[in-house]
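> Sequence and predicted structure, then a few things I'm wondering about:
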Amino acid sequence: MSPHETALGPVARAAAGNARRPSVSFEFSPPKTPEAEESLWEAIRRLEPLNPAFVSVTYGAGGSTRDRTHRTVVRMLKETTLKPAAHLTCVEASRAEVDEVVQAYWDAGIRHIVALRGDPPGNIGGAYAPRPDGYLNATELTAGIRAVAPFEVSVGLYPQIHPESPSLDHDIDVLKAKVDAGATRAITQFFYDIDAFLFFMDRLRKAGVNIPVSPGIMPVSNYKGLKKMAGPVGIPLPAWLGNLFDGLDRDAETRKLIAASIASEMCVRLVEEGYSDLHFYTLNRADLVYAICRVLGVRETPSEIAA
């Protein structure tokens, strides 16, 4: 990198033409109302031309959206060029019931599942108690999925210690077990401390865990909503983040500009650190994610723009 380029900010460096274009993936949630479904599909159509590596569809606490998740991923498979991945959890279901869902996904043409332990019904971050006839955790679930069919299986990862974990080393051991059970990729929870993420990844690689890891990016413009999401699952929010949004409760446009700036800078640094797969939590909206992808050089082809 030339001295001139090092003097540029991260967004300008990304646009200078020398940065590697990352691979991206997007997370969506199944809609609860007809209006929400319309908004979801507007976001899907806006982001589809960016050719993501895959898109995932969440599974509500306690399996509360199982049918809607299934309908959404099947519709994606039929009506778009996207490669959908269905979230699946262990909560409130027997092994036989989960295996039936897994088989139904395979029969529908889905080849990628995101295997998560899940949260208790109506109690995100609350104490988890497995059913006696169910899968104990995401490791067992991963093995169960792979026993049904040769799916690609992504698993979750906390880059700053899982709230129920005693240490980073324990988290690494858990991920090793998931890999041994058949996991092919890890997707991190969202985070804002890049140095902590890089420290964790250094420990992870030194421990011999070599599957791809996609950093999870949350470009959220509602700081109060972010705190509600982060608190129950133990994700620390740095003071500088709150300072940037202070006093902007009634200024949605400025909050969006700040959110896009924060996430763009994070993504550029992650790419410069060698991370080529980025996973975006879209919250079923396309505007911020689309803008950030443009900064990263992830764009439609000219033929897609013309169409």
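Arrived safely. Numbering: from 1, shown residues only.
> V268 belongs to a helix?
Yes - membership of V268 in a helix is supported by DSSP: H, G, I helix; E, B strand; the rest coil.
> Give me the distance between it and I211.
24 Å (Cβ to Cβ, to the nearest Å). In short, each C-beta sits where N, CA and C put it, glycine included.
> neighbour-wise, which of those two wins?
V268 (22 against 15; other Cβ atoms under 10 Å).
> May I have the residues that are in contact with the nearest residue to that one once chain neighbours are set aside?
Nearest residue to V268 in three dimensions, chain neighbours excluded: P10, at 3.8 Å (Cβ to Cβ, 6 or more residues apart in numbering). Residues near P10 by Cβ atoms under 8 Å, 6 or more residues apart in numbering: S264, E265, V268, R269, E272.
> SS state for the first one?
Right, the one you point to is S264. helix.
> hang on, isn't it packed against R294?
No - in this structure, S264 is not within contact of R294 by Cβ atoms under 8 Å, at 9.2 Å.
> Run through the strands of the chain in chain order.
23-28, 54-57, 84-89, 112-116, 152-157, 185-190, 213-217, 277-281 (DSSP state E).
> Kindly reformat the ones you listed as TSV and extend each row with mean pLDDT.
Formatted as TSV, those follow (pLDDT from 0 to 100):
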stretch	mean pLDDT
strand 23-28	98
strand 54-57	97
strand 84-89	95
strand 112-116	97
strand 152-157	97
strand 185-190	97
strand 213-217	97
strand 277-281	98
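> Ok, which of the ones you listed comes nearest L198?
strand 213-217 (9.9 Å; Cβ to Cβ).
> Show me where the stretch 201-307 of the chain dips below the pLDDT cut-off.
302-307 (pLDDT under 70).
> mind listing the helices for it?
Remark: helices assigned in the stretch 201-307 of the chain by DSSP state H, counting those that start in this stretch are 223-230, 239-245, 252-272, 287-295, 302-306.
> Let's have those in TSV, adding distance to L141.
Shown next, in TSV, are the helices of the stretch 201-307 of the chain (distance: least, Cβ to Cβ, whole Å):
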stretch	distance to L141
helix 223-230	23
helix 239-245	33
helix 252-272	28
helix 287-295	28
helix 302-306	37
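> Let me know which of those helices is tucked in deepest.
Each of the helices of the stretch 201-307 of the chain was scored by mean neighbour count; the highest is helix 287-295, a mean of 21, by mean count of other Cβ atoms under 10 Å.
> Settle this for me: F54 is touching A85, isn't it.
Yes - shown here, F54 and A85 form a contact pair, counting by Cβ under 8 Å, at 5.1 Å.
> which neighbours do these two share?
H112.
> more neighbours, these two?
Using other Cβ under 10 Å, the more surrounded residue of F54 and A85 is A85, with 27 against 21.
> Could you find the closest non-adjacent residue to the more buried one?
Using Cβ to Cβ, 6+ apart, the closest residue to A85 is H112 (3.7 Å).
> what's the burial count for the closest residue to A104 other than its chain neighbours?
Spatial nearest neighbour of A104, chain neighbours left out: H70 (6.9 Å); criterion: Cβ to Cβ, 6+ apart. Using other Cβ under 10 Å, H70 has 19 neighbouring residues.
> Which pLDDT value does the model give H70?
Per-residue pLDDT puts H70 at 88.
> now do G63
Taking G63 on its own, its pLDDT is 50.
> which non-adjacent residue is nearest T254?
Nearest one to T254, counting by Cβ to Cβ, 6+ apart, is L248 at 5.5 Å.
> Correct me if wrong: the one you found contacts K256.
No - contact criterion Cβ under 8 Å: L248 and K256 do not qualify, at 10.1 Å.
> hang on, the earlier thing: of all the helices of the stretch 201-307 of the chain, which one comes closest to P34?
Using Cβ to Cβ, the nearest of the helices of the stretch 201-307 of the chain to P34 is helix 287-295, at 21.3 Å.
> ok now do K206, which residues does it touch?
Per Cβ under 8 Å, 6+ apart, neighbours of K206: none.
> let's see it at 10 Å
I172 (Cβ atoms under 10 Å, 6 or more residues apart in numbering).
> what about it, distance to V74?
41 Å.
> just checking, A252 touches F245?
No - using Cβ atoms under 10 Å, A252 makes no contact with F245, being 11.1 Å away.
> Much appreciated, bye for now.
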